[in-house]
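> Show me how the following folds:
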Amino acid sequence: MLRRLYDWTLSLGSSRHAVWALAAVSFIESSIFPIPPDALLIPMILADRSRAWRLAAICTVASVIGGFLGYAIGYFAFDAIGEPLLRFYGITEQYQRLEELYAHYGAWLIIIKGATPIPFKLVTIASGAFHFPLLTFAISAVISRGIRFFLIAGLLWRYGESIRDFIERRLGLVFSLAVAAVLGGFLIVGVLR
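Presented below is the predicted three-dimensional model:
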């Protein structure tokens with residue numbers, strides 16, 4: 001079953017709707033969706049490495065635009081939408097600790113957390129709720145998401161065939177590690193609470 005899912009995801013990478021799906025996932029992940037766009041970005045680049053930079057740019061732009069939605073949720077609708085989302089993901093206590101850190105290190109928090117597996121929605125919603133300056137948020141989000149997606153694209157562009165061979169030979173391990181990375185991001189958030 002895992003092999004079929006892998007093959008389907010690779011085929012999606014070359015379908016005519018793949019770029020729109022990647023943009024949509026990148027957009028919505030920044031505010032409410034739990035699955036990172038890497039799940040589509042990686043197989044799409046592996047399917048055609050010549051598109052690596054373009055796909056990283058699409059992920060970055062869509063993620064930052066989606067970050068504005070997360071920011072708006074925090075700014076205008078924290079009580080109605082933001083707080084329930086943070087509760088749903090179990091990251092309410094970390095959010096509360098962020099307020100003081102934002103006052104001193106806001107841009108750095110956005111850059112560092114946006115480049116890691118820690119859920120970016122925490123950063124976007126908190127930035128809006130704390131009324132963090134929108135321009136600084138935007139610049140920091142572009143830097144952090146750009147680092148993340150262009151680093152992935154660069155590694156896959158440079159080492160794509162060997163990475164693809166490794167993935168295909170050890171598909172179960174790679175899938176387990178990917179799931180562990182996503183869950184690890186949520187666990188890190190929980191531990192840092």
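
> Just the C-alpha atoms of stretch 88-102, please, in PDB.
Backbone C-alpha positions of stretch 88-102 (Å, rounded to 0.1, in the frame of the first residue of the first chain) are rendered in PDB as follows:
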ATOM      1  CA  PHE A  88      -6.900  21.500  19.000                       C
ATOM      2  CA  TYR A  89      -3.200  21.100  18.200                       C
ATOM      3  CA  GLY A  90      -2.300  21.100  21.900                       C
ATOM      4  CA  ILE A  91      -0.100  24.200  21.700                       C
ATOM      5  CA  THR A  92      -2.000  26.700  23.800                       C
ATOM      6  CA  GLU A  93       0.600  26.800  26.700                       C
ATOM      7  CA  GLN A  94       3.500  27.400  24.300                       C
ATOM      8  CA  TYR A  95       1.500  30.200  22.700                       C
ATOM      9  CA  GLN A  96       1.100  31.900  26.100                       C
ATOM     10  CA  ARG A  97       4.900  31.700  26.700                       C
ATOM     11  CA  LEU A  98       5.600  33.200  23.300                       C
ATOM     12  CA  GLU A  99       4.200  36.600  24.100                       C
ATOM     13  CA  GLU A 100       7.200  37.600  26.200                       C
ATOM     14  CA  LEU A 101       9.600  36.100  23.700                       C
ATOM     15  CA  TYR A 102       7.900  38.000  20.900                       C
END
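
> Mind checking the pLDDT average for it?
Averaged over stretch 88-102, pLDDT sits at 77.

> tell me the secondary structure for residue 103?
With DSSP: H, G, I helix; E, B strand; the rest coil as the basis, residue 103 sits in helix.

> and if you look at residue 36?
Going by three-state DSSP: residue 36 is coil.

> what's the closest non-adjacent residue to it?
residue 29 (5.7 Å; C-beta to C-beta, 6 or more residues apart in numbering). For the C-beta atoms, the positions are set from N, CA and C on the backbone; glycine is no exception.

> And for residue 83?
Per C-beta to C-beta, 6+ apart, closest to residue 83 is residue 92, 7.1 Å.

> Check the burial of the one you found by counting its neighbours.
Residues lying near residue 92 (other C-beta atoms under 10 Å) number 15.

> from memory it sits against residue 82, does it?
No: using C-beta atoms under 8 Å, residue 92 makes no contact with residue 82, being 10.1 Å away.

> So which bits of stretch 98-105 are buried?
98, 102 (16 or more other C-beta atoms under 10 Å).

> Ramachandran coordinates for the residue nearest the centre of the chain?
By C-alpha atoms, centre = their mean, the chain has its centre lying nearest to residue 36, at 4.3 Å. Backbone torsions of residue 36, given as degrees, to the nearest 10, read phi -70, psi 150.
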